[in-house]
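What follows is a predicted structure for the sequence shown.
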Amino acid sequence: DSLLQEMANSWDNRIKFLVRYMYDLDNNGYLNKNDFDCLAVKFTIMEGKGEWNKKSFTRYTMIMSDLWDQIADVADLNKDGAVTVEEFQTAVKSVCLEKEYDDLPSAFKQFITAMFNTIDTDGDGFVGLEEYRYDCVTRQAVVSIADIDKAFDRISESGGVTRTRYQQLFAQYLGDTDKNSQGCFLFGPLPLVK
């Protein structure tokens, strides 16, 4: 069980998880502009808790467009408009490895902040256990609430995660190859991604 957890927390698997469960919304196996257009809609709806806000959508469209442009610029090596998992891993390695949040590309930082805002559903600047659980189960299949709670215990301080802590953990998730890094637990118990 701990060997499986170790494999799931490997840097390669973490980046595959990002592609599969967070960015590749149309599930075609690679990233393209369409995924980031869909992310703008998703984040607008999530932030508004179902309500549509045109101003938020405009903001998220810009954030996701910038993120796609930065990813495509460094990752779409053959310029075919699609970024494979392998291309994405190469890009993340070159722009995120061993970097703190403040040193990440601006579009990545905007995405991370936007992501925090969608998880912090009550807007108090703090992700609590219930918000964390909800975020985990809306993204991936989870067999045990105990596994989610155990992951939350690994990352929470004083019963939750502040925006600053979330930013630090996301930077660790992207840039720290240590399989025991607290950032590994930012999105709950990770599955092994094929």
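In hand now; what should we look at?

Just the helices from this structure, written as ranges.
Counting by DSSP state H, the chain has helices at residues 2-8, 11-17, 33-47, 54-75, 85-96, 106-119, 129-139, 145-155, 163-175.

worst-scoring helix or strand of this structure, pLDDT-wise?
Sorting the helices and strands of the chain by mean pLDDT, DSSP states H and E puts helix 2-8 at the bottom, at a mean of 84.

Which residues outside it are in contact with it?
13, 179, 189, 190, 191, 192 (CB atoms under 8 Å, 6 or more residues apart in numbering). Where C-beta positions appear, they are placed from N, C-alpha and C, glycine not excepted.

mind running it again at 10 Å?
Helix 2-8 is contacted from outside by 13, 14, 17, 147, 179, 180, 184, 189, 190, 191, 192, 193, using CB atoms under 10 Å, 6 or more residues apart in numbering.

Repeat that for stretch 97-112.
Here stretch 97-112 has contacts from 11, 22-23, 36, 39, 43, 59-60, 62-71, 73-74, 91-92, 95-96, 113, 163-164, 166-177, using CB under 10 Å, 6+ apart.

thinking again about what came up before, which pair of the contacts of helix 2-8 spans the longest distance?
180 and 193 (18.9 Å; CB to CB).

more crowded one of the two?
residue 193 (17 against 11; other CB atoms under 10 Å).

show me the contacts for the more buried one.
With contact set as CB under 10 Å, 6+ apart, residue 193 has these partners: 8, 12-21, 85, 140.

One more pass at 6 Å, please.
By CB atoms under 6 Å, 6 or more residues apart in numbering, residue 193 lies in contact with 13, 16, 17, 20.

That one and residue 56, how far apart?
Taking CB to CB, to the nearest Å as the measure, residue 193 falls 30 Å from residue 56.

Per-residue pLDDT of residue 1, please?
pLDDT recorded at residue 1 is 62.

still on that earlier bit, okay if I get the contacts of helix 2-8 as JSON lines plus pLDDT and distance to residue 4?
As requested, the contacts of helix 2-8 are exported to JSON lines (pLDDT from 0 to 100; distance: CB to CB, whole Å):
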{"residue": "13", "pLDDT": "95", "distance to residue 4": "11"}
{"residue": "14", "pLDDT": "96", "distance to residue 4": "14"}
{"residue": "17", "pLDDT": "95", "distance to residue 4": "14"}
{"residue": "147", "pLDDT": "94", "distance to residue 4": "12"}
{"residue": "179", "pLDDT": "94", "distance to residue 4": "12"}
{"residue": "180", "pLDDT": "93", "distance to residue 4": "14"}
{"residue": "184", "pLDDT": "96", "distance to residue 4": "13"}
{"residue": "189", "pLDDT": "93", "distance to residue 4": "10"}
{"residue": "190", "pLDDT": "93", "distance to residue 4": "10"}
{"residue": "191", "pLDDT": "92", "distance to residue 4": "10"}
{"residue": "192", "pLDDT": "92", "distance to residue 4": "7"}
{"residue": "193", "pLDDT": "93", "distance to residue 4": "12"}
